[in-house]
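Asker: After the sequence you'll find the predicted model.
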Amino acid sequence: MPPPVAASLAPAAPADLDRSCRWPVLVLGGLSAGWLVFAAVLGVLAAIKLHAPGMLANIEWLTYGRVQPAAWNALVFGFGALAGLALALWLMVRLSGVPLAGTGTILFGAAVWQVGLKLGVLGVLAGDSTGIEGLELPRYASPLLLAGYLLIAPWALVVFGRRQRRESYISQWYLVTALLVFPWCFASGYVLTSFLPLRGVLQAAAQAWYLQQLWVLWFGSLTLAALFYFLPKLTGAAVPSRSLALFGFWTFVAFGGLGGLTRYAGGPFPAWMLSLAVVGNVLTLFAIYGVGANLLPSLRAALSRLSGNVVLWFLGFSLLAWLTAGVLTALNSLATVRHLTHFTLVTPGLDQLAFLGGFGVAALGGLYVVVPCLLGRDWPSRFLATLHFGCAAGAVVLLAVAFLVGGLVHGAALNNTDVAFLTVAKRYLPFASTGTLAQLLWLVGSGAFAVNFLWLLGACARTICVPAARALVEPLPAEGKA
Amino acid sequence: MKHGPLLFLGVFAAFFASWVAGVLAPHLQIGGQSLVQIDDLGIQYPLDRTGEAKQGAQVYRAQGCHYCHTQQVLQEPLLSRLTLTDAGTNITDAVAALRKVRRDLDADAATELVRHPPQVILAHAGASATDQATRLLTNAGARVESTIANLGPDLRRGWGTRRTVSRDYLRDQPVFLGQIRLGPDLANLGARQTNTTWLLRKLYNARIDLPGSTMPRYPYLFTERRLRPGQAPSPDALALPSEFAPPAGIEIIPTREARQLVAYLLSLRSDALFYEVFPPPTDQCRDKTGRDHERPVRPNLVPRP
């Protein structure tokens, strides 16, 4: 006899939902924590090499031109993508009220992704990079990442399709966007630059488009999905306006992907491409307004509850960083500003502010909520979590300020032809060394997170393993004597 | 939003639109660009690189040079310098016209200028101001010549003679446009540097010739060779000043990769002139019959041999 229909429609308890996605989310989260530390180590190395070019110069694998892309890929595809997928799966399951299916496939997908990324990062360090910034992974690695993704992400969409309520949540819109965007932009970017490369500068156009999708539509959507779920949940204040959220979402989706070419402003491209990019970036301000107007009030309402709530610090900081990065990006696309900032440290500064400050901090805050739910045990060290927040926020602020101010100084010197090029380099050096300090802070924070994570896993393992081991060692009562 | 399919389709449509605008449309517009003939011998630009330079491009890629060096020259919007070359026969008209162009000049100063051509009348003027001045002065019977004056910091730094255009990159795979200038632009390195030894020494240690340079060392592109007693040093050995020189009896020989990289760097030049890189002809190019006569706006650029 088939089970009654009512039973299948009954909402599953949060505990059941968490049990269904425990292993995939934990494995993805754990792997991302590992990559976070690894990328931070490489990031420190790259940052030092920027102002101390003699350090470890004898080792070909560690030259700046290889460590820098290796660190970027480890951070973006190791930490960013895996943490993003972990959060996407968990959020989708929670919001849809349906248990996760396809656990085995997801774990296999995580393994494929992991192998592909390891091969790719090693390949970049060995000199096999494709030479296109942001699309460096060699041809033998990038298809593995796509395959891994296609084994993982569709299950979140399956859960969405089976959702309990027809009405969908704001976070779900952003999740669906992120999940749809990534495979297309990743495949399109790699195919058009390294498998069937377009001619000449069109490769750079494809690259700029890909980077825009990656930063704004993939990581931006994941950030907003996390913020729209966790901020109202933690502060207890509902999102004030659903229509404003709809407006923000559709303007974000429509205009967010257009602004890529400001990276190459003034470069060898048809002029309309740049105009379109500027228009796209400026119109994205509507989306930023939609998000800010909806989420900032809840943050303000929770000001009194901020003390002691580390997770709320993470998410609040992420919201502020994301909004700031969006406004600055729009500002930076204006011709007069860009004239000063192009080819300078402002470019990586804005990327880092949006990625580390916006996405990274939100994803870490999300993991601080999700992991204890899955393991049924709180983080062992509150101090380490607080330390992590302090270091991460400090690192992002320091990096952004150093690179934005340094970029303006760098740009002013570049544009002033009375300044010899060597002097230009000397002017940005102090800011580059401040960048090293920021990377070191980020590394300390990441280390604290990894230690806390391992400690938590160890504690869980002990509660499971110790009684089992004791049962093995201790003789059974009564029967042993007989 | 109650409709999952609406969400899917909406996201899909927006994403597809950005793909069309960012990738497909540019491809349709300039994807079919062909090489351009730059002289009567049938030489096609961009020139094909030598085999060694092509391998050098792969060394450039593998070492990640493009994380610090761009290969694109930017140019500011067109600004001109207008020079009076001949006042013509009617000095009075020419002076009157000049005083309309340069309202800051009094009659004496204007007459002085007109009497002793050639004189620079306008520097760093926009296209419309130059056009108007040209019209006024030529109507008065004077002759003027307009040249491109303000070309932007890149050209003033000597990084090129013109901006780079999409056709310059037709043979590059991958294209190393670069996003950050922690080092100088290299789009025309081969046009300003022809010294292989200097470049090799730069790769070995940039601080030999430029103390304080932030460029990394690439010692692994060189091999150390121990000389046997009495053996003559190799002609390939790098000549280094004493503070950077290896101990006696050891010489530094560039590897094949170093030579390939230098061959590539020397092959970098995008200075050929063809119609895209010339400024557009202005209205004054055409006389009343619609035929082109001598173009007033010409770049003061001479193609390098």
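Answerer: Nice, thanks for sending it over. Residues are numbered from 1 along each chain as shown, chains lettered A, B, ... in the order given.

Asker: Could you use CA atoms for every contact and neighbour count after this?
Answerer: Noted.

Asker: what does the longest helix seen in chain B contact?
Answerer: Scanning chain B for the helix with the most residues, using DSSP state H, yields helix B:4-19. Counting by Cα atoms under 8 Å, 6 or more residues apart in numbering or on different chains, the neighbours of helix B:4-19 from elsewhere in the structure are A:G161, A:W173, A:V176, A:T177, A:L180, A:V181, A:W209, A:V253, A:A254, A:G257, A:L258, B:M1.

Asker: same deal with stretch B:50-70?
Answerer: Counting contacts by Cα under 8 Å, 6+ apart, the residues outside stretch B:50-70 that touch it are A:63-66, A:126-131, A:133, B:176-187, B:257-265, B:267.

Asker: Next one: the spatially most central residue of chain A relative to A:W250, how far apart?
Answerer: The residue at the geometric middle of chain A, judged as the C-alpha nearest the mean C-alpha position with Cα atoms, centre = their mean, is A:G80 (3.4 Å). Here the criterion is Cα to Cα, to the nearest Å. By it, A:G80 lies 24 Å from A:W250.

Asker: Likewise for A:G406?
Answerer: 35 Å.

Asker: Mind checking which of the two has more residues around it?
Answerer: Higher neighbour count among A:G406 and A:W250: A:G406, with 26 against 20, using other Cα atoms under 10 Å in any protein chain shown.

Asker: Let's test this: name the helix or strand in chain A with the lowest mean pLDDT.
Answerer: Every helix and strand in chain A was compared by mean pLDDT, DSSP states H and E; the lowest is helix A:5-9, with a mean of 37.

Asker: Show me what the mean pLDDT comes to for the very next helix or strand once past that helix.
Answerer: The helix or strand immediately downstream of helix A:5-9 is helix A:14-51, counting by DSSP states H and E. With pLDDT averaged residue by residue, helix A:14-51 scores 94.

Asker: Mind giving me the packing neighbours of helix A:14-51?
Answerer: helix A:64-73, helix A:81-96, helix A:103-126, helix A:361-375, helix A:421-473 (3 or more Cα pairs under 8 Å, 6 or more residues apart in numbering or on different chains; DSSP states H and E).

Asker: State the mean pLDDT of stretch A:327-345.
Answerer: Confidence over stretch A:327-345 (mean pLDDT, whole number) is 92.

Asker: Can you list the neighbours in contact with that stretch?
Answerer: Surrounding stretch A:327-345, the residues in contact under the criterion Cα under 8 Å, 6+ apart are A:262-263, A:265, A:277-278, A:281-282, A:284-285, A:288, A:347, A:350, A:403-404, A:406-408, A:410-412, A:415, B:179-182.

Asker: Would you indicate which residues of that stretch are buried?
Answerer: A:327, A:329-334, A:338-345 (16 or more other Cα atoms under 10 Å in any protein chain shown).

Asker: can you name the two of these that are farthest apart?
Answerer: Comparing all pairs in the buried residues of stretch A:327-345 by Cα to Cα, the longest separation belongs to A:V327 and A:F343, at 19.6 Å.

Asker: Tell me which of the contacts of stretch B:50-70 fall in helices.
Answerer: With helices defined by DSSP H, the entries of these inside them are A:64-66, A:126, B:257-265.

Asker: mean confidence score for the strand or helix carrying A:F160?
Answerer: For A:F160, the element it lies in under DSSP H and E is helix A:142-161. When the per-residue pLDDT values of helix A:142-161 are averaged, the result is 96.

Asker: What is it packed up against?
Answerer: Where contact means 3+ Cα pairs under 8 Å, 6+ apart, helix A:142-161 is packed against helix A:81-96, helix A:103-126, helix A:170-190.

Asker: tell me the most buried of those?
Answerer: For the helices and strands packed on helix A:142-161, the stretch with the most neighbours on average is helix A:81-96, a mean of 26; neighbours defined as mean count of other Cα atoms under 10 Å in any protein chain shown.

Asker: related to what we said a few turns ago, tell me the one of the contacts of helix B:4-19 nearest A:S221?
Answerer: A:S221 lies nearest to A:T177 out of those, by Cα to Cα, at 6.7 Å.

Asker: wait, what's in contact with that closest one?
Answerer: The contact partners of A:T177, by Cα under 8 Å, 6+ apart, come to A:L217, A:W218, A:S221, A:V253, B:F8, B:V11.

Asker: For the buried ones among those residues, write the corresponding ChimeraX selection.
Answerer: Under the burial definition 16+ other Cα under 10 Å, those of the contacts of A:T177 that qualify are selected in ChimeraX by:
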select /A:217,218,221,253 /B:11
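
Asker: Need the contacts of A:T177 in a markdown table (columns: pLDDT and distance to A:H388).
Answerer: As requested, these are arranged in a markdown table below (pLDDT from 0 to 100; distance: Cα to Cα, whole Å):
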| residue | pLDDT | distance to A:H388 |
| --- | --- | --- |
| A:L217 | 94 | 27 |
| A:W218 | 96 | 25 |
| A:S221 | 97 | 24 |
| A:V253 | 95 | 32 |
| B:F8 | 91 | 37 |
| B:V11 | 93 | 35 |
